[in-house]
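Pasted the sequence and its predicted model underneath.
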Amino acid sequence: MSAFRKFLPLFDRVLVERLVAETVTKGGIMLPEKSQGKVLQATVMAVGPGARNKNGELQPVNVKVGEKVLLPEYGGTKVDLDDKEYYLFREGDILGKYVD
Amino acid sequence: MSAFRKFLPLFDRVLVERLVAETVTKGGIMLPEKSQGKVLQATVMAVGPGARNKNGELQPVNVKVGEKVLLPEYGGTKVDLDDKEYYLFREGDILGKYVD
Amino acid sequence: MSAFRKFLPLFDRVLVERLVAETVTKGGIMLPEKSQGKVLQATVMAVGPGARNKNGELQPVNVKVGEKVLLPEYGGTKVDLDDKEYYLFREGDILGKYVD
Amino acid sequence: MSAFRKFLPLFDRVLVERLVAETVTKGGIMLPEKSQGKVLQATVMAVGPGARNKNGELQPVNVKVGEKVLLPEYGGTKVDLDDKEYYLFREGDILGKYVD
Amino acid sequence: MSAFRKFLPLFDRVLVERLVAETVTKGGIMLPEKSQGKVLQATVMAVGPGARNKNGELQPVNVKVGEKVLLPEYGGTKVDLDDKEYYLFREGDILGKYVD
Amino acid sequence: MSAFRKFLPLFDRVLVERLVAETVTKGGIMLPEKSQGKVLQATVMAVGPGARNKNGELQPVNVKVGEKVLLPEYGGTKVDLDDKEYYLFREGDILGKYVD
Amino acid sequence: MSAFRKFLPLFDRVLVERLVAETVTKGGIMLPEKSQGKVLQATVMAVGPGARNKNGELQPVNVKVGEKVLLPEYGGTKVDLDDKEYYLFREGDILGKYVD
């Protein structure tokens, strides 16, 4: 996980890694790519320090490293770090998170 | 209802479940899908902590879990949680609520 | 009027009922639909608690239930409550009101 | 003038009545409609209480009932009150006024 | 100059009169209209009281009656006062002024 | 340089004079116009008093008369003063300056 | 590095130099230009003093000279300084930085 310790998003950006799509059904049948659907769940890998409000105060990001979040279907910026594929989202575009 | 305890919308987002469309008339006749109309009433299942105003203060959401609300005809983001279909709306897009 | 006691618009929305168009002239002749014109006068049936200003303070709505208002020709959201047709307008879109 | 006592514009709206176009020259010759030009001068008939600034304070309107104002060539909303034709303008769209 | 004493621009509007284009060269040859160019210099004839800032405070206009200003090539509103042609500009659209 | 003492840009506008394009190579060969490129370096000739921030306070311009600046490839308003060609830029559009 | 000591970006602009694309594989085989990909990593060469917030206070830039940053795929302004190619980005467009 050295990549995440090294990469720090700026402002209110959040670096996430999408969960792996299930390519095999519970019964063991391989799924063709088309029926796998778009994976919208992701794990937070790194968060920026937050954006500043109109008074110049830092507004910390509302998600933490390790949390599972729900992404919107569109948006985000694909970034390659250490040959792995991650996505950067502005905090405000993340729909919600999964809590215990 | 475990899904809602687990999913927490971010900011001023509200997770709702649309009411089920009536598919049978009071007299017992089945309605074809076309005449069922779009269901705009929904039940609030989860609410975010609220958005922050220009001074950085949290502005709590004005609807509560369990309340019945009226949705606009368009808008909202469909999300699938535990194989059920829900919708996320920004609080400001919800038209009103039903109170006793 | 149970519908209005039950439905509460959110923010600065105003629920109005348009006045009935006159379909018969004073002399008793029925008017074809085309010459009836669009009814822009309406009665306020319910008002939201108001929007919040930049400081987060609630700004109460400037029209009250029962007041007669003038609507713009376009805009507003049609809503059906108890099988009757109403309209929702943002307070700022209402042109004016009739006072004694 | 009962119509104006009765109708109160909302926010920073201003109700005006356009001056009558001259349809006869000083020499007594009738002008065809085309050469009459668009009448941009108007009399203020009613003003709203003003819009609120970012701090929520009411900002009174800068024109008064009875003042003569210059309208922009386009814009404004035509309203019919007591079968007479008036126009509503946002205060900020009125170009200027005539003072003694 | 009675027209200017009578007409008061609203907000941060500035009434200007464009300088007269030179239609004759220094050597006395008449210039065809095409080679006269667009006159961008103008004299300030009247200024509004200024716009209000976000705190509701009046921000006086930065040009004064009688000053020579440079206008942008496009924009402004032509107004006819006493059969003479003037232009109204928002203060912020005026490019600069000529000082001694 | 009388033109610059006379012309004062308004608000945060900056009057610049583009550096002269080199039309001859160091070796003495004349360059065709096409290979001369667009000159983006300029000298500041006059600056406005600055724009006002949301509190109405004057924000002085960050470049001074005589400084060399880098212009963006597009934008700016060409103005002719005393038959010489200058450009007006909003301070915020100037990319940077050259310091010793 | 005299160019960077001399050029100072204005406001929240950041001058960066893109890392050199690898044109030879580790095994020594030359890569055709197409397979080299777009270089999104860059080194900060100079930073502006920062933009001002709504209260007029300077908000220092969050990256420092010498830091490695990740650029978005599109955007930025190419500038030539001393015959070398650099890019200017608004601080807010830089995606993140690499820290130890």
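Cool, got the structure. Numbers count the residues shown, from 1 in each chain, chains lettered A, B, ... in the order given.

what helix or strand is A:Val69 on?
strand A:68-70 (DSSP states H and E).

Neighbouring strands - and their directions - for that strand?
Applying DSSP bridges, strand A:68-70 is found paired with strand A:41-47 (antiparallel), strand A:96-98 (antiparallel).

After the first one, which helix or strand is next?
On the C-terminal side of strand A:41-47, the nearest following helix or strand under DSSP H and E is strand A:51-52.

Mind giving me the packing neighbours of that next one?
Where contact means 3 or more CB pairs under 8 Å, 6 or more residues apart in numbering or on different chains; DSSP states H and E, strand A:51-52 is packed against strand A:58-59. Any C-beta I mention is one placed from the backbone N, CA and C, and that applies to glycine too.

The helix or strand following the strand holding A:Val69 pairs with which strands, and in what direction?
For strand A:68-70, the following helix or strand on the C-terminal side (DSSP H and E) is strand A:77-81. Strand A:77-81 has the following strand partners under DSSP bridges: strand A:84-90 (antiparallel).

neighbours of A:Asp93, just the number please.
15 (other CB atoms under 10 Å in any protein chain shown).

Okay, the residue most central in space within chain A and A:Ala46: tell me how far apart.
In chain A, the centroid-proximal residue (CA atoms, centre = their mean) is A:Val16; its distance is 2.4 Å. In this view, A:Val16 and A:Ala46 are 9 Å apart by CB to CB, to the nearest Å.

and if you look at A:Leu81?
To A:Ala46, A:Leu81 is 10 Å away according to CB to CB.

And A:Arg13, by the same measure?
Distance from A:Arg13 to A:Ala46, by CB to CB: 9 Å.

So for these two, which sits in the more crowded spot?
Using other CB under 10 Å, the more surrounded residue of A:Arg13 and A:Ala46 is A:Arg13, with 24 against 21.

Name the residue of chain A with the shortest distance to chain F.
Across chain A, no residue is closer to chain F than A:Lys54, which sits at 8.6 Å (CB to the nearest CB).

Let me know the pLDDT of that residue.
With respect to pLDDT, A:Lys54 has a value of 79.

Pull the number of nearby residues for it.
The tally of other residues near A:Lys54 (other CB under 10 Å) stands at 14.

didn't it look like it was pressed against G:Lys54?
Yes - using CB atoms under 8 Å, A:Lys54 is in contact with G:Lys54, at 4.8 Å.

how deep is the residue lying closest to A:Val47 once chain neighbours are set aside tucked in, by neighbour count?
Nearest non-adjacent residue to A:Val47, counting by CB to CB, 6 or more residues apart in numbering or on different chains: A:Val61, 4.5 Å away. Per other CB under 10 Å, the neighbour tally for A:Val61 reads 21.

Please give the element, helix or strand, for A:Val61.
Counting by DSSP H and E, A:Val61 is found in no helix or strand.

Contacts only, for it.
A:12, A:14, A:47-50, A:91 (CB atoms under 8 Å, 6 or more residues apart in numbering or on different chains).

And A:Pro49, by the same measure?
With CB under 8 Å, 6+ apart, A:Pro49 has these contacts: A:10-11, A:58, A:60-61, G:62.

What distance do you get for it to chain E?
Distance of A:Pro49 to chain E, computed by CB to the nearest CB, to the nearest Å: 28 Å.

Next, the buried residues of stretch A:87-100.
Buried residues in stretch A:87-100, defined by neighbour count with 16 or more other CB atoms under 10 Å in any protein chain shown: A:87-91, A:94-97.

So which of those residues is the closest to A:Thr77?
A:Leu88 (4.5 Å; CB to CB).

Now do the contacts for the closest one.
Applying CB under 8 Å, 6+ apart, the residues near A:Leu88 are A:9, A:13-16, A:76-77, A:79, G:95-96.

try A:Gly92
Residues near A:Gly92 by CB under 8 Å, 6+ apart: A:12, B:10-11.

out of the residues you listed, which touch chain F?
Restricting the contacts of A:Gly92 to those touching chain F (CB under 8 Å from any CB of the partner chain) yields no residues.

what residues does chain A put near chain G?
Neighbours of chain G within chain A, by CB under 8 Å from any CB: A:6-11, A:13, A:15, A:46, A:48-49, A:52, A:54-56, A:77, A:79, A:88.

Can you select the buried ones from those residues in PyMOL?
The PyMOL command for the buried members of the residues of chain A next to chain G (criterion: 16+ other CB under 10 Å) is given here:
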select buried, chain A and resi 6+7+8+9+10+11+13+15+46+48+49+52+79+88
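
Could you report the separation of the residue of chain A closest to chain F from B:Arg52?
A:Lys54 is 10 Å from B:Arg52, by CB to CB.

the bottom helix or strand of chain A by mean pLDDT?
Lowest mean confidence among the helices and strands of chain A (mean pLDDT, DSSP states H and E): helix A:2-6, at a mean of 56.

Tell me the helix or strand right after it.
From helix A:2-6, the next helix or strand downstream (DSSP H and E) is strand A:7-9.

and the helix or strand just after that next one with chain B, contact?
Proceeding N to C from strand A:7-9, the next assigned helix or strand is strand A:13-18, under DSSP H and E. No - Strand A:13-18 does not reach chain B (CB under 8 Å from any CB); its nearest approach is 10.6 Å.

ok, now which ones touch A:Val79?
Residues counted as contacts of A:Val79 (CB under 8 Å, 6+ apart) are A:15, A:85-88, G:40, G:70, G:95.

switch to 6 Å and redo it
Shown in contact with A:Val79 (CB atoms under 6 Å, 6 or more residues apart in numbering or on different chains): A:86, A:88.

Also A:Arg52?
Going by CB under 6 Å, 6+ apart, the list of residues near A:Arg52 reads A:Leu58.

One more: the one 5 residues further on?
Applying CB under 6 Å, 6+ apart, we find A:Glu57 in contact with B:Gly56.

In chain A, where is pLDDT below threshold?
Within chain A, the segments meeting pLDDT under 70 span A:1-5, A:22-26, A:31-38.

Report the closest residue of it relative to chain D.
Proximity of chain A to chain D (CB to the nearest CB) peaks at A:Lys54, 10.6 Å away.

in what helix or strand does that residue lie?
Counting by DSSP H and E, A:Lys54 is found in no helix or strand.

CSV for the contacts of A:Pro49, including distance to F:Met30?
Formatted as CSV, the contacts of A:Pro49 follow (distance: CB to CB, whole Å):
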residue, distance to F:Met30
A:Leu10, 48
A:Phe11, 50
A:Leu58, 57
A:Pro60, 61
A:Val61, 59
G:Asn62, 48
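
Could you point out which of the residues you listed is nearest to chain B?
Looking across these and measuring by CB to the nearest CB, the closest to chain B is A:Leu58, at 9.2 Å.

returning to what we had before: chain E: which of the contacts of A:Pro49 is nearest?
Nearest to chain E out of those is A:Leu58 (CB to the nearest CB; 22.8 Å).
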